[in-house]
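S.K.: got a predicted structure here, sequence first:
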Amino acid sequence: MTPAPRVRFAPSPTGSLHVGGARTALYNWLFARRHGGTFILRIEDTDVDRNKPELVDQILEAMTWLGLTWDEGPYRQSERYDLYREAAARLLAEGKAYRAFETPGELEAARKAADAAGETFRYSGAGRQIPPAESDRRAAAGEPFVIRLKMPDEPIVVDDIVQGRAEFPAGSLDDFVLMRSDGHPLYHFSVCVDDVAMAITHVVRGVDHLPNTPKHVALFRALGAEAPKFAHLGMILGADGKKLSKRHGAAGAEEFRAQGLLPEALVNFLALLGWSPGEDRERMTMDEMAALFSLERIGPSPSRFDHEKLAWLNGQYLQDVPEPRLLELLRPFGLPAGCPEETLLGALPLQKPRAKTLVELAKALAIYGEDPVDYEPAGLKKFGKAANAPLLKTFAERISALPAFTHAAMEEAARALATEAAVKLGDLAQPVRLALTGTLASPPLFEMIEVLGLETTRRRILALAAKIESEPAPS
Ligand code: GLU
């Protein structure tokens with residue numbers, strides 16, 4: 001029996017949790033859930049120059065919002081320096097790594113010379129020749145040094161679950177630095193030491209890390225550990241096939257949240273950026289996705305981030321949120337002040353089919369709390385003729401006299417009035433709509449009136465009637 005997988009999401013707090021990072025986290029989470037494994041969160045914060053510590057909380061919050069709860073961690077690499085130093089000392093003692101004493105100036109000169117010759121810079125490997133006793137003596141005397149890995153003189157094969165097999169010939173990589181002269185571990189080193197310490201079985205991350213992978217494989221070997229399995233996820237591009245940017249609607253998770261997207265829609269959308277469960281299935285809950293997820297069904301090619309599709313999917317999800325919960329979700333986006341909750345609960349079924357985001361929905365609810373302050377000019381032009389004022393007033397009277405204030409009764413009254421006035425139903429309904437919402441677009445009118453209530457409806461209709469009496473649109 002294969003042991004349950006242990007996977008990790010390892011963000012560097014140099015930016016917020018963006019689309020690519022969120023997808024990586026999600027795929028790790030789904031994979032762990034699928035196989036009853038462990039999802040570990042590890043903050044890679046050793047790059048003191050680029051870290052923004054305040055982003056750690058933001059990343060944790062975004063993950064929690066997305067439902068990507070972790071089973072272990074968050075570990076912080078900045079609290080694990082001892083581990084990296086011990087591992088480096090061990091590799092030195094075992095002769096798998098060595099000290100290199102070149103000064104930054106010397107390395108820079110070598111780099112420039114390589115550039116001038118049109119070659120890629122590679123470290124010469126000079127430090128390998130220093131006998132261990134001399135290396136110890138120079139270190140003890142305080143001479144600055146870095147620690148480099150002795151790259152093995154054999155090809156390295158990376159058998160990636162998503163990207164396929166790649167072979168890196170012997171000698172294609174130089175002896176890279178594990179520890180800087182100030183005792184700071186470099187990225188490749190801390191990643192591998194931690195992956196070993198945390199018994200990571202599968203590394204699922206962005207394809208931008210694929211070129212690093214042969215280095216990691218060499219390091220796992222040097223550390224005496226079996227390399228985990230790798231799955232490198234294809235790039236995410238904009239809908240136009242260009243590099244993903246803000247222009248494409250890509251953003252940090254907290255911005256998606258501010259745009260009024262639901263976490264369940266966002267994770268569903270992100271899951272489909274590279275993975276497909278087959279059978280053209282699109283809408284899935286996290287549990288459904290976890291039940292179907294497999295690394296083998298992730299495609300190697302780049303996927304496209306289509307914000308329109310995300311908004312559409314979000315709209316679909318919105319329809320299924322029960323009204324009381326929806327109201328809670330809408331609160332941070334601003335609900336109309338002083339509007340009874342009952343009215344809003346009544347308005348939601350009418351408004352939500354027309355909204356894709358919480359922001360849109362919150363905006364649409366405003367009309368249930370406040371009378372329109374102005375009217376759409378095209379609406380006034382068409383329906384603001386003087387002759388419409390008596391029609392509006394009569395309609396207000398008729399609905400006031402109804403024995404039951406139901407949408408069916410109102411519709412019947414409207415039809416009867418339109419027939420009497422020899423106008424089409426739309427010629428009555430449209431000015432009423434304009435009176436109630438200030439626009440010519442609204443959900444089913446009579447249902448809306450039922451929610452607004454007689455008093456509000458009358459007040460708004462009479463206000464428009466008064467307006468067009470005093471300043472009618474030219475006929
Ligand atoms: N810390 C790296 C990053 O944020 C991830 C490293 C890894 O997954 O191996 O890109």
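M.R.: Yes, it's here.

S.K.: in the stretch 351-475 of the chain, which residue sits nearest the ligand?
M.R.: Residue nearest to the ligand within the stretch 351-475 of the chain: residue 357 (28.6 Å; CB to the nearest ligand atom). Quick note: C-beta positions are derived from backbone N, CA and C, even for glycine.

S.K.: what comes into contact with the helix or strand containing residue 456?
M.R.: For residue 456, the host element (DSSP states H and E) is helix 454-470. Residues from elsewhere that reach helix 454-470 (CB atoms under 8 Å, 6 or more residues apart in numbering): 371-372, 375, 380, 384-386, 388-390, 392-393, 395-396, 399-400, 405, 431-432, 434-436, 449, 452.

S.K.: so which other helices or strands are in contact with the helix or strand residue 414 falls within?
M.R.: Using DSSP H and E, residue 414 maps to helix 407-420. Under the contact criterion of 3 or more CB pairs under 8 Å, 6 or more residues apart in numbering; DSSP states H and E, helix 407-420 touches helix 388-400, helix 425-437, helix 445-452.

S.K.: list the buried residues of that helix.
M.R.: Of all the residues in helix 407-420, those buried under the rule 16 or more other CB atoms under 10 Å are 409, 410, 411, 413, 414, 417, 418.

S.K.: also stretch 80-95?
M.R.: 80, 83, 84, 85, 87, 88, 91, 92.

S.K.: which one of the residues you listed sits closest to the ligand?
M.R.: residue 80 (13.8 Å).

S.K.: now the phi/psi pair for that closest one, please.
M.R.: For residue 80, the backbone dihedrals are phi -120, psi 20 (criterion: degrees, to the nearest 10).

S.K.: helix, strand, or coil at the residue of the stretch 101-250 of the chain found nearest the ligand?
M.R.: Closest residue of the stretch 101-250 of the chain to the ligand, CB to the nearest ligand atom: residue 205 (3.7 Å). What DSSP: H, G, I helix; E, B strand; the rest coil gives for residue 205 is strand.

S.K.: the residue lying closest to it once chain neighbours are set aside: neighbour count?
M.R.: Spatial nearest neighbour of residue 205, excluding adjacent residues (CB to CB, 6 or more residues apart in numbering): residue 24 at 5.6 Å. Applying other CB atoms under 10 Å, we find 20 residues neighbouring residue 24.

S.K.: of all the helices and strands packed on helix 407-420, which lies closest to residue 98?
M.R.: Nearest of those to residue 98, taken as CB to CB: helix 425-437 at 75.9 Å.

S.K.: let me know the average pLDDT across stretch 456-474.
M.R.: Averaged over stretch 456-474, pLDDT sits at 94.

S.K.: should've said stretch 398-416
M.R.: 96.

S.K.: which residues are contacting that stretch?
M.R.: With CB under 8 Å, 6+ apart as the test, stretch 398-416 has contacts from 395, 417, 425, 428-429, 432, 444, 446-447, 449-450, 453-454, 457-458.

S.K.: cutoff 7 Å now
M.R.: Stretch 398-416 has contacts (CB atoms under 7 Å, 6 or more residues apart in numbering) with 395, 417, 425, 428, 429, 446, 447, 449, 450, 454, 457, 458.

S.K.: just the terminal-to-terminal distance for that stretch.
M.R.: 10 Å (CA to CA, to the nearest Å).

S.K.: one more: stretch 130-144?
M.R.: Using CA to CA, the end-to-end distance of stretch 130-144 comes to 15 Å.

S.K.: need the contact partners of it.
M.R.: Here stretch 130-144 has contacts from 98, 99, 101, 145, 181, using CB under 7 Å, 6+ apart.

S.K.: can you say which of the residues you listed are buried?
M.R.: Buried among those by 16+ other CB under 10 Å: 98, 99, 101, 145, 181.

S.K.: what about stretch 438-449, how long is it end to end?
M.R.: 14 Å.

S.K.: if I look at the residue of the chain most remote from its centre, what pLDDT would I see?
M.R.: Distance from the centre of the chain peaks at residue 420, with 56.5 Å (CA atoms, centre = their mean). In this model, residue 420 is scored at 97, pLDDT.

S.K.: also the one 4 residues further on?
M.R.: pLDDT, the model's per-residue confidence, is 97 for residue 424.

S.K.: same deal with residue 279?
M.R.: 78.

S.K.: circling back to that earlier point, residue contacts, the residue farthest from the centre of the chain?
M.R.: No contacts exist for residue 420 under CB under 7 Å, 6+ apart.

S.K.: same deal with residue 147?
M.R.: 88, 92, 97, 99, 178, 179.

S.K.: quick one: low-confidence parts of this protein?
M.R.: In the predicted model of the chain, residues 1, 475 satisfy pLDDT under 70.

S.K.: show me where it has its strands.
M.R.: Here the chain has its strands, by DSSP state E, at 6-9, 38-43, 72-76, 97-100, 146-149, 156-160, 164-168, 177-179, 202-206, 229-233, 236-238, 303-305.

S.K.: which residues touch the second one?
M.R.: The contact list for strand 38-43 (CB under 7 Å, 6+ apart) reads 4, 6-11, 13, 28-29, 32, 56, 70-77, 194, 198.

S.K.: now a ChimeraX select for only the buried ones of those.
M.R.: In ChimeraX, this line selects whichever of the contacts of strand 38-43 come out buried by 16+ other CB under 10 Å:
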select :6,7,8,9,10,11,13,28,29,32,56,70,73,74,75,76,77,194,198
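
S.K.: near the ligand, list only the ones from the contacts of strand 38-43.
M.R.: Near the ligand, judged by CB under 6 Å from any ligand atom, the entries from these are 10, 11.

S.K.: spell out which residues of the stretch 151-300 of the chain are next to the ligand.
M.R.: So far as CB under 6 Å from any ligand atom goes, the stretch 151-300 of the chain lies against the ligand at 191, 205, 209.
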